[in-house]
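*Asks:* here's my sequence, what's the structure:
(one chain, ligands or ions: 1)
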Amino acid sequence: MDGIQRLPLAGKCSILARAPPFHTPVSITRCQYKPIEKPALLPPKSAIKVHFITKHKDRNLTSARAGWFLGLGEKKNVTNLQEIVQAGDPVLHVPAREVRPEEIGSDRIQKIIADMVKVMRGAPGVGLAAPQIGIPLKIIVLEDTEEYIGYAPKEDIKAQDRRPFDLLVIINPNLQKKGNKSALFFEGCLSVDGYRAMVERFLGVEVTGLDRYGQPIKVSASGWQARILQHECDHLAGTLYVDKMIKRTFRTVENLQLPLANGCPKIGVR
Ligand SMILES: [Zn+2]
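*Replies:* Model (predicted):
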């Protein structure tokens, strides 16, 4: 999941400003609707080794990531990092397969996990799913830090119930909602570079799965961490946030602070 967006709305968005205490949109993603050049060629289910990474042209990372951590610098260190697959690549739109327990200790799976952590931190982002580096396996990583949160306005942090948490690696996650409360906030995705939209997410979730050592793990999360978990687990089902977004809120990162269009729901907890 894309990092964090802090936008002082400073009177620019009357709709949001009228919705205290959740008056500041924040955070995550982007999306690219490109014409389909050719039919997606789906690989056989056994083709886990295939990285369906569409060959990307060299792109100017600076411009490609403009708005991502605005004013905080660009990618930290792109050297030897795998490229993040962008929307349209078939690997992002098909369900990932479970990792067999006996595979977890293998060099291959451990390297995939290490690569995912590096890519997430290098982006920087607060979450990443294996399909985003071209691997159709059910593995997610997530992490939020004091540093990242420090870039967000205090009112956003409070509205989103955002708190730091240590690195989490979850294999074969199974997500269940806790309660029926939900919230609408802007989010973004490292695989939909340059865009954001409001997405409704449950406020609380519980995720069970295996940790990087193959041990059972259970995570109870609320607020922003719960949103990140939902976003990343969606990736494993071949779902991007743009499949769930409030369409009329979709916008470029540069336009994140502009008023919502008529008919858009209010941002915040519902
Ligand atoms: Zn994402």
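*Asks:* can you name the residue of the stretch 51-200 of the chain nearest the ion?
*Replies:* In the stretch 51-200 of the chain, the residue found nearest to the ion is residue 189; the distance is 3.1 Å by Cβ to the ion. Where you see a C-beta, it was placed from the backbone N, CA and C, and this is true even at glycine.
*Asks:* verify the contact between residue 137 and residue 96 for me.
*Replies:* Yes. Applying Cβ atoms under 8 Å, one finds residue 137 in contact with residue 96, separated by 5.4 Å.
*Asks:* anything in contact with each of these two?
*Replies:* Common contacts of residue 137 and residue 96, defined by Cβ atoms under 8 Å, 6 or more residues apart in numbering, comprise 130, 131.
*Asks:* quick one, what contacts the residue lying closest to residue 126 once chain neighbours are set aside?
*Replies:* In space, and not counting its chain neighbours, residue 126 is closest to residue 144: 4.9 Å by Cβ to Cβ, 6 or more residues apart in numbering. Contacts for residue 144 (Cβ under 8 Å, 6+ apart) come out as 126, 162, 163, 164, 165, 224, 225, 228.
*Asks:* now with 6 Å, please.
*Replies:* Applying Cβ atoms under 6 Å, 6 or more residues apart in numbering to residue 144 gives the contacts 126, 164, 165.
*Asks:* specify the beta-bridge partners of it.
*Replies:* residue 165 (DSSP bridges).
*Asks:* same deal with residue 205?
*Replies:* Following DSSP bridges, residue 205 is listed with bridge partners residue 177, residue 221.
*Asks:* neighbours around it, how many?
*Replies:* 22 (other Cβ atoms under 10 Å).
*Asks:* cool, residue 134 as well?
*Replies:* 18.
*Asks:* I'd like the numbering to begin with 2 instead of 1 from here.
*Replies:* All right, first residue 2 from here; so that's residue 135.
*Asks:* quick check on it: phi, psi?
*Replies:* The phi/psi pair for residue 135 (degrees, to the nearest 10) reads phi 90, psi 10.
*Asks:* I'd say it and residue 86 touch.
*Replies:* Yes. Between residue 135 and residue 86 there is a contact under Cβ atoms under 6 Å: 5.3 Å.
*Asks:* ok so, going back, got a winner among the contacts of residue 145 for most neighbours?
*Replies:* Neighbour-wise, those (other Cβ under 10 Å) top out at residue 127, 29 neighbours.
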